[in-house]
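In: Sequence plus predicted model, see below.
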Amino acid sequence: MASDREQQLRAYVEYFRDLGVHEFYRNGEPPAAAAAVAVAVASDAVAVAPVVVAAAPVVDTTFLEPPIAKLVSFDDLAALPSSRVAVADRGAALRALQEEIGDCTRCPLAYAGRRKVVFGDGDAAARLMFVGEGPGADEDESGVPFVGKAGQLLNNMINAMGLKREQVYIANVVKCRPPANRVPEPVEANTCDPFLLRQMDIVQPEVVVALGATAAMYLLGVKQSLASLRGQWHRCRGAKLAVTYHPAFLLRDPRQKGEAWKDLQMVMAELGLKAPGKG
Ligand code: URA
């Protein structure tokens, strides 16, 4: 249940969204409208209905700080559940979680023009899970992750590993499209991550592949170059985790496809998979 203050803040966010202001967290520099909200919220005498307040020279921007600014690995976010969801129950558990998320308004992305919440896709008991960054335009339209150009490349990567897309599980760090496909803000990722964590705890994959730096950063709780994280095994929610390039990056720089294939071969060896046509 949202507190009065949260409801009040949401009302302001919606109000400014309608005015075309979506960016409340960029670079620590609140836009004038957000500054006006900060002034309004800082005052105890604020009315529930949105009130336009002139931007003041001294502004309390503390509420603009992400609620959880610290980068925490998924393993440190929560202990592994003591009882595991049985294979036969995993589909229903995912559906219940999707229902719980509903038409989510927990973070600013809900007010930044997203159309559909993109929950996840694939086998609820998959041995292999891919985690991307966040939905793009095609995913926002369809409600399914990785269906655009990057998704087609991901499908090809999955097929090259000797698997069908339906045999893996695919999700993202954030479930709503960031405006203009920007990188999710920490407040957005931190708000959404507990749901991804629960998806991982339901599916219980043996291997997770983090697609790109954003997925690697939030899953592992480290800010490191992709180069330093690739080519080795990490741990996440009881699974082995490998890091590789995001398919959208590979579309921009196809010369790195060979490197990504090395990462996928490491995953295939772990899962005992063979490339099609390789006996
Ligand atoms: N890029 C992502 O990271 N996720 C998607 O679902 C689509 C594109």
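Out: Received the coordinates, thanks. Here the structure is a predicted model, which means the values were calculated and not measured.
In: and the residue in the stretch 151-279 of the chain that the ligand sits nearest to, what is it in contact with?
Out: Using CB to the nearest ligand atom, the closest approach of the stretch 151-279 of the chain to the ligand is made by N172 at 4.7 Å. Placement of C-beta: from N, CA and C, glycine included. Contact analysis of N172 by CB atoms under 8 Å, 6 or more residues apart in numbering lists V118, G120, V131, G132, E133, G134, P135, P145, L196, A215.
In: Now do the third one, the pLDDT please.
Out: Reading off the per-residue confidence, V131 sits at a pLDDT of 98.
In: and the residue of the stretch 1-150 of the chain nearest the ligand?
Out: As assessed by CB to the nearest ligand atom, the ligand sits closest to G132 within the stretch 1-150 of the chain, at 2.8 Å.
In: For G258, see how far away the residue nearest the centre of the chain is.
Out: Centroid-nearest residue in the chain, with CA atoms, centre = their mean: V173, separated by 1.5 Å. Relative to G258, V173 is positioned 26 Å away (CB to CB, to the nearest Å).
In: List the contacts of E270.
Out: Contact partners of E270, counting by CB under 8 Å, 6+ apart, are E206, V207, W233, K240.
In: Please name the nearest non-neighbouring residue to the first one.
Out: Going back to what we said before, that points to E206. Using CB to CB, 6 or more residues apart in numbering and skipping the chain neighbours, the partner closest in space to E206 is R127 (4.8 Å).
In: Tally up the residues packed near that neighbour, please.
Out: Neighbour count of R127, defined by other CB atoms under 10 Å: 19.
In: list the contacts for it?
Out: Q167, V168, P205, E206, V207, L271.
In: related to what we said a few turns ago, what distance do you get for the residue of the stretch 1-150 of the chain closest to the ligand to A215?
Out: 6 Å.
In: tell me, what's touching the two both at once?
Out: Among the neighbours of G132, those also in contact with A215 (CB under 8 Å, 6+ apart) are N172, V173, H246.
In: Which member of the residues you listed is positioned nearest S228?
Out: Using CB to CB, H246 is the member of the shared contacts of G132 and A215 that lies nearest S228, at 16.2 Å.
In: For the nearest residue to the closest one once chain neighbours are set aside, what are phi and psi?
Out: Spatial nearest neighbour of H246, excluding adjacent residues (CB to CB, 6+ apart): G212 at 3.0 Å. With angles defined as degrees, to the nearest 10, G212 sits at phi 90, psi 170.
In: Same check on the one 10 residues further on?
Out: Per-residue torsions, V222: phi -130, psi 150 (degrees, to the nearest 10).
In: Turn the contacts of E270 into a markdown table, columns for distance to the ligand.
Out: Formatted as a markdown table, the contacts of E270 follow (distance: CB to the nearest ligand atom, whole Å):
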| residue | distance to the ligand |
| --- | --- |
| E206 | 22 |
| V207 | 18 |
| W233 | 22 |
| K240 | 21 |
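In: For PyMOL, write the select line for the buried members of the residues you listed.
Out: In PyMOL syntax, the buried subset of the contacts of E270 is picked out as below (16 or more other CB atoms under 10 Å):
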select buried, resi 207+240
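In: Identify the farthest-apart pair in the contacts of E270.
Out: The largest separation in the contacts of E270, counting by CB to CB, is between E206 and W233 at 11.6 Å.
In: Common neighbours of the two, please.
Out: Residues touching both E206 and W233 by CB under 8 Å, 6+ apart: K240, E270.
In: any chance you could map the helices in the protein?
Out: 4-18, 32-42, 74-77, 90-101, 137-142, 149-160, 186-203, 213-220, 226-229, 247-252, 257-271 (DSSP state H).
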